[in-house]
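> Could you look at this predicted model? Sequence included:
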Amino acid sequence: MTDQDRPDRSDRGTPRQQDADERERRKRDGRSAAAARIADQATYVDQQIRIAMANGEFDDLPGAGKPIEGLGSSHDPDWWLKKLVEREQITVLPMSVQLRHEDADIDERLDAISTEADVRRVLDDFNRRVIAARYRAPEGPPLITMPRDVDAEVEAWAGRRAARLAEQKRRLAEAAAAQPARRRWWRRGR
C-alpha cells in the first residue's frame, strides 16, 4: 500500500464526527456501559449515605468525638500482624519454652486419649520435635526438655486409665446402691 492509497486523516470528518464515532465504538465494546454503571453506583451510594445521615443513623456511633486509635504514630508496615496477635491472643514462644510447656502438660493430654496407638503417636511426635529442636540453632533459652520413653509413658498411661475406670465403676455402683429398688410394672399384681 502506498502513501497515495492510504486514507487521509482529514477524510474522517470533523472532530465532532470523530467523537461520535468513538462513542459508538465504545458503546459496541461495552466500555462506556461499564463506566456508566460505575458512575451510577457511586451516585447511588452517595445518595444512600445522605439519606442515612438525614435519618440520624450515624449519630451516637462508638468512638464518636474521640481520636482514631494509632493515627498519630509513625507508620508500621506490620501493624496488621501486631493487631492480629493482640486480637487472637497468639503467643509466639521459642521452641525450647514451647516444648517445656508441652512437656508439663503431656500427661493431661495423654489422659484424654482412649487408645494406646494414639498415645504412642503423640509421644513419637513430641520426641521427634524435641530431637529436631536439639539440632537447631538455639533461638531462646536453652532446651532442657528430654525425649520421653514411649514404653514407660504408655505403661503409666495405662495405669492411670485403669485407675480412672475403676473409680468410675465404684461411683456407678455407689449411685446404683443409693437408689431405691424399683418394682417393675408387670410384677405389681403379685
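Alright, I've got the coordinates.
> so what does the top helix by length along the chain touch, helix or strand wise?
Longest helix in the chain, counting residues (DSSP state H): helix 150-178. With contacts taken as 3 or more CB pairs under 8 Å, 6 or more residues apart in numbering; DSSP states H and E, helix 150-178 sits against helix 95-111, helix 116-135. In this view, the C-beta of every residue, glycine as well, is placed from N, C-alpha and C.
> any chance of the ones you listed in JSON lines, plus distance to residue 167, mean pLDDT and mean neighbour count?
Supplementary listing: the helices and strands packed on helix 150-178 in JSON lines, determined by distance: least, CB to CB, whole Å; pLDDT from 0 to 100; neighbours: other CB atoms under 10 Å:
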{"stretch": "helix 95-111", "distance to residue 167": "13", "mean pLDDT": "91", "mean neighbour count": "15"}
{"stretch": "helix 116-135", "distance to residue 167": "20", "mean pLDDT": "93", "mean neighbour count": "14"}
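> Which among those is found nearest to residue 76?
helix 95-111 (25.9 Å; CB to CB).
> and that closest one, how far from the chain's centre?
24 Å (CA atoms, centre = their mean, to the nearest Å).
> now do stretch 128-141
Offset of stretch 128-141 from its chain centre (CA atoms, centre = their mean): 27 Å.
> cool, and stretch 75-86?
For stretch 75-86, the distance to the chain centre is 16 Å (CA atoms, centre = their mean).
> got it, and stretch 59-75?
The answer for stretch 59-75 is 26 Å, by CA atoms, centre = their mean.
> List phi and psi for residue 59.
The phi/psi pair for residue 59 (degrees, to the nearest 10) reads phi -80, psi 150.
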